[in-house]
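Trainee: 3D, please:
(one chain, ligands or ions: 1)
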Amino acid sequence: MTDAARVVAITGASSGIGEATARRLAADGHRVFLGARRTGRLDALTREITAAGGTAAYRGLDVTDAADVKAFVSAARERYGRVDVMVNNAGVMPLSPLDALRVEEWDRMIDVNVRGVLHGIAAALPVMRAQGGGHFVNIASVGAYEVSPTAAVYCVGKFAVRAVSEGLRQESADGGIRVTLVSPGVTESELADGIGDPAAREAMRAYRAVALPASAIADAIAYAVSQPAQVDVNEIVVRPAASAR
Ligand code: NDP
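Mentor: Got it, this is the predicted structure:
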């Protein structure tokens, strides 16, 4: 382990971008602490990382529960002594037109994509303040910059993540806390599997035909995390080269 090795807590590490980020950061020598609801997958990933010579541990996590997120961050600190980086990545995307009135799905997007990130900040910020510094990596989306049909409520959540990240950055101008917003374009993952609305699901099939590998987003996160303490990478947008949106 080098001096630049960090303790990194990652929410939503059981698939897609979170899983790729865990692999990449562990390969870079960071110690990762993984959270998600599907603990069987976290167990397998932890074993894989450990077998490859990395350092990883996990805990079951539901980001909609503030107390659970606090317990997750506490467990990471108990395990490794500190929490340098909190990657607020967990998210859901059940897209639908507003007319479909899928209110339960709207609520779930707000609960996971907005409250989940706020819970991550509430849990990790005091720990980082107490240890004299830390780094939040919040995963937004190109949907934090533009709205498209069927994505209105999803975009509400991602605009919100962008807003709170900017607020946190401004309130951390003493230099102790760094804040990076990472906004992926279409990326291979399980995200679109949760779309229940038939029309939105069909539309997404074409929209998602050109996609980045999740490792491309992990690379962007690794770049931000590897910067020296005085460098704060604030926003990264990563789209497939062969995509206009
Ligand atoms: P995946 O569906 O593959 O991964 C989502 C992760 O979030 C899973 O690990 C899932 O784990 C976790 N998760 C969902 N709900 C909860 C919950 N209540 N508590 C804890 N964990 C939860 O999708 P991605 O990897 O693509 O998504 C990661 C992030 O990237 C999301 O914030 C998404 O909005 C964002 N993003 C993705 C894009 C893409 O095209 N893939 C584009 C732009 C942004 P589990 O079910 O085990 O709890």
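Trainee: report the longest strand in the chain, please.
Mentor: With DSSP state E setting the assignment, residue counts place strand 177-184 as the longest strand in the chain.
Trainee: Buried residues, the helix or strand that that one is followed by. List them.
Mentor: Heading C-terminal from strand 177-184, the first helix or strand you meet, by DSSP states H and E, is helix 198-207. Within helix 198-207, the residues that count as buried by 16 or more other Cβ atoms under 10 Å are A200, R201, A203, M204, Y207. The way it works is simple: take the backbone N, C-alpha and C, and place the C-beta from them, glycine included.
Trainee: Which SSE is immediately downstream of helix 198-207?
Mentor: Next along from helix 198-207, by DSSP H and E: helix 214-225.
Trainee: List the buried residues in that next one.
Mentor: When neighbours are counted by 16+ other Cβ under 10 Å, the buried residues of helix 214-225 are found to be A214, S215, A216, I217, A218, A220, I221, A222, A224, V225.
Trainee: by contact count, what packs against it?
Mentor: Counting contacts by 3 or more Cβ pairs under 8 Å, 6 or more residues apart in numbering; DSSP states H and E, helix 214-225 is packed against helix 16-27, strand 134-139, strand 177-184, strand 235-238.
Trainee: Helix 16-27 and that helix, what's the angle between them?
Mentor: Here helix 214-225 runs at an angle of 50 degrees relative to helix 16-27 (axes from the mean of the first three to the mean of the last three Cα atoms, to 10 degrees).
Trainee: what's in contact with helix 214-225?
Mentor: Helix 214-225 is contacted from outside by 6, 8, 16-17, 19-21, 23-25, 28, 30, 85, 87, 135, 137, 139, 180, 182, 184, 187-189, 233, 236, 238, using Cβ atoms under 8 Å, 6 or more residues apart in numbering.
Trainee: The residues you listed: which ones sit near the ligand?
Mentor: When Cβ under 6 Å from any ligand atom is taken as the criterion, the members of the contacts of helix 214-225 that contact the ligand are G16, I17, I139, P184, T187, S189.
Trainee: How about the residues of this protein by the ligand?
Mentor: Residues of the chain lying near the ligand (Cβ under 6 Å from any ligand atom): 11-18, 36-38, 61-64, 89-93, 112, 139, 141, 184, 186-187, 189-191.
Trainee: Restricted to buried residues, select these in PyMOL.
Mentor: Burial among those is assessed by 16+ other Cβ under 10 Å; the matching PyMOL selection reads:
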select buried, resi 11+12+13+14+15+16+17+18+36+61+62+63+64+89+90+91+92+93+112+139+141+184+186+187+189+191
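Trainee: how deep is G176 tucked in, by neighbour count?
Mentor: Taking other Cβ atoms under 10 Å as the neighbour definition, G176 ends up with a count of 13.
Trainee: Give the full set of residues in contact with the residue lying closest to it once chain neighbours are set aside.
Mentor: By the measure of Cβ to Cβ, 6 or more residues apart in numbering, the closest residue to G176 outside its immediate chain neighbours is G133, 4.8 Å from it. For G133, the contact set (Cβ under 8 Å, 6+ apart) comprises D84, G175, G176, I177, R178, A229.
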